[in-house]
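1. The following block contains a protein sequence and its predicted model.
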Amino acid sequence: MKYWLVKTEPDVYSIDDLAREGKTLWSGVRNYQARNFLREMKLGDKLLIYHSNAEPPGVAGIGEICQEHIPDPTQFEEGGEYFDPKSTTVNPRWSCPQVGFVKKLPHLVPLQALREEESLKGLLLLQPGTRLSVIPVSEDHFRAIIAMGKAVKVS
DNA sequence: GCCAACGTTGGC
DNA sequence: GCCAACGTTGGC
């Protein structure tokens, strides 16, 4: 099993939206490297759901792959925000898996806390210049971040 | 809202 | 295939 982190803007789609719906197609990713990671995701892989462009940004919950990638339907929606005129049904460019809700963390783990955590050195999310919206995470890092989300805040 | 750091596009 | 211009991401 592999572990990942996926970014979402909570104003657009938050962990609470995922909790309400139970599952969702992770559509709209338009970056080749991120797309390739989406295609690598296997049934049962676990995801950290990260809130970007939020106050504060951070890891909000956990999801899992409940269906492996299919062609992203939004690439064919003419006039839609994610329409890609160069994409064809025969040769689709973009893919998306279906992500199921697992849980919301008791506490959001802010980006700042991730940066301050020594054991998370090397987490791709924290590397300067990483803007990828889909990022592989090691099992150790995955567990460490969840533990941070369970811990009672001291300050 | 700013802007740095990337990615993408398209002319040549 | 280079690279300048432009668009996007996402923290601050």
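-> Arrived safely, thanks for sending. Residues are numbered from 1 along each chain as shown, chains lettered A, B, ... in the order given.

2. Return the nearest residue of chain A with respect to DNA strand C.
-> residue A:57 (3.5 Å; C-beta to the nearest atom of the strand). Every residue, glycine included, has its C-beta placed from N, CA and C.

3. how many neighbours does the residue nearest to that residue when sequence neighbours are not counted have?
-> Leaving aside its chain neighbours, residue A:57 sits nearest to residue A:111 (4.6 Å; criterion: C-beta to C-beta, 6 or more residues apart in numbering). Look at residue A:111: counted by other C-beta atoms under 10 Å, it has 18 neighbours.

4. for the one 10 residues further on, same thing?
-> Neighbours of residue A:121 under the rule other C-beta under 10 Å: 10.

5. Surely the residue nearest to residue A:57 touches residue A:56?
-> Yes: Residue A:111 lies in contact with residue A:56 (C-beta atoms under 8 Å); the separation is 6.5 Å.

6. what does chain A put close to DNA strand C?
-> By C-beta under 7 Å from any atom of the strand, the residues of chain A that approach DNA strand C are A:7, A:30, A:52, A:53, A:54, A:57, A:111, A:112, A:131, A:132, A:133.

7. Swap in 6 Å and give it another go.
-> For chain A, the contact set with DNA strand C under C-beta under 6 Å from any atom of the strand comprises A:7, A:52, A:53, A:57, A:111, A:112, A:131, A:133.

8. For DNA strand B, what is the nearest residue in chain A?
-> For chain A, C-beta to the nearest atom of the strand, closest residue to DNA strand B: residue A:129, 1.3 Å.

9. Would it be right to say that that residue lies in a strand?
-> No: under the criterion used here (DSSP: H, G, I helix; E, B strand; the rest coil), residue A:129 is coil, not part of a strand.

10. Spell out which parts of chain A neighbour DNA strand B.
-> Close to DNA strand B, as judged by C-beta under 6 Å from any atom of the strand, chain A has residues A:31, A:32, A:128, A:129, A:131.

11. Which members of those residues define the maximum pairwise distance?
-> The span of the residues of chain A next to DNA strand B, defined through C-beta to C-beta, is set by A:32 and A:128 at 20.8 Å.
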